[in-house]
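S.K.: missing the sequence, but the structure's below:
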Ligand SMILES: N[C@@H](CCC(=O)N[C@@H](CSC(=S)NCCc1ccccc1)C(=O)NCC(=O)O)C(=O)O
């Protein structure tokens, strides 16, 4: 597998989870950082299947859609469950995280000034669903007994929400413990402490 190259803008955005996942798997990757002014010229955009980034290259194999990239990495790094049923549940969790991520992105880019407070107020109604799954599974992961690509996606989106509202997990002990345990995994800790990670803004408009 690999070599891997991520092509994306100079933000964490929709590449935060895949970077954390590859770091945790001890997988190296190259970054092609696209300047937004260059992007607006349209040449690169015209080559993208859906006219958007991120793009992952796995050797000569090119993939778009951040969740398809996570699934591809999950397949190639034993992070997609032990059987078809677990894989289906992991897909379900990944889609649930995507629902939350879409709400977050919409608030950040379209409604930050007027909608941040009501978003935070409504956040527990979304986090309580993941808390219930995490508490029920008892392994410290969403599905099965080791990290799947859905765990990396949830972990990354929770990190972003802790920046938005540092107390948002205070009433969700299983999620709080999940974030602590994932953050403490040696390769993830090293990556989160790295300049490569810290220098990137979470979102493209500088809001968090
Ligand atoms: N479903 C896709 C969505 C990909 C996507 O939204 N990509 C955005 C960037 S990721 C994102 S969260 N976009 C929100 C706003 C933004 C735009 C540009 C840079 C950074 C953020 C993009 O390529 N925008 C440029 C364009 O459409 O011409 C996926 O999951 O990969």
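M.R.: Done, it's in. Keep in mind the model is a prediction, meaning the values are calculated, not measured.
S.K.: only C-alpha atoms for contact and neighbour calcs from this point on.
M.R.: Will do.
S.K.: just how off-centre is the helix or strand bottoming out on mean pLDDT in the chain within its chain?
M.R.: The helix or strand of the chain with the poorest confidence is helix 195-198; it has a mean of 94 (mean pLDDT, DSSP states H and E). Here helix 195-198 is found 16 Å from its chain centre; the criterion is CA atoms, centre = their mean, to the nearest Å.
S.K.: contacts for it next, please.
M.R.: Contacts with helix 195-198, where a contact means CA atoms under 8 Å, 6 or more residues apart in numbering, come from 12, 191, 192.
S.K.: how about stretch 58-71?
M.R.: Counting by CA under 8 Å, 6+ apart, stretch 58-71 makes contact with 1-5, 14-15, 17-18, 48-50, 52-57, 80, 94, 149, all of which sit outside it.
S.K.: quick check: buried residues in it?
M.R.: By neighbour count, with 16 or more other CA atoms under 10 Å as the criterion, the buried positions of stretch 58-71 are 58, 63, 64, 66, 67, 69, 70, 71.
S.K.: just these: which are in helices?
M.R.: Using DSSP state H, the members of the buried residues of stretch 58-71 that fall in helices are 66, 67, 69, 70, 71.
S.K.: what residues does the chain put near the ligand?
M.R.: Taking CA under 6 Å from any ligand atom as the measure of proximity, the chain contacts the ligand at 9, 13, 14, 52, 53, 54, 65, 66, 67, 203, 204.
S.K.: redo that, cut-off 8 Å
M.R.: Neighbours of the ligand within the chain, by CA under 8 Å from any ligand atom: 8-11, 13-14, 36, 39-40, 45, 51-55, 64-68, 105, 109, 203-205.
S.K.: any of the residues you listed buried? List them.
M.R.: Neighbour-count burial within the residues of the chain next to the ligand applies to 8-11, 13-14, 53-55, 64, 66-67, 105, 203-204; the criterion is 16+ other CA under 10 Å.
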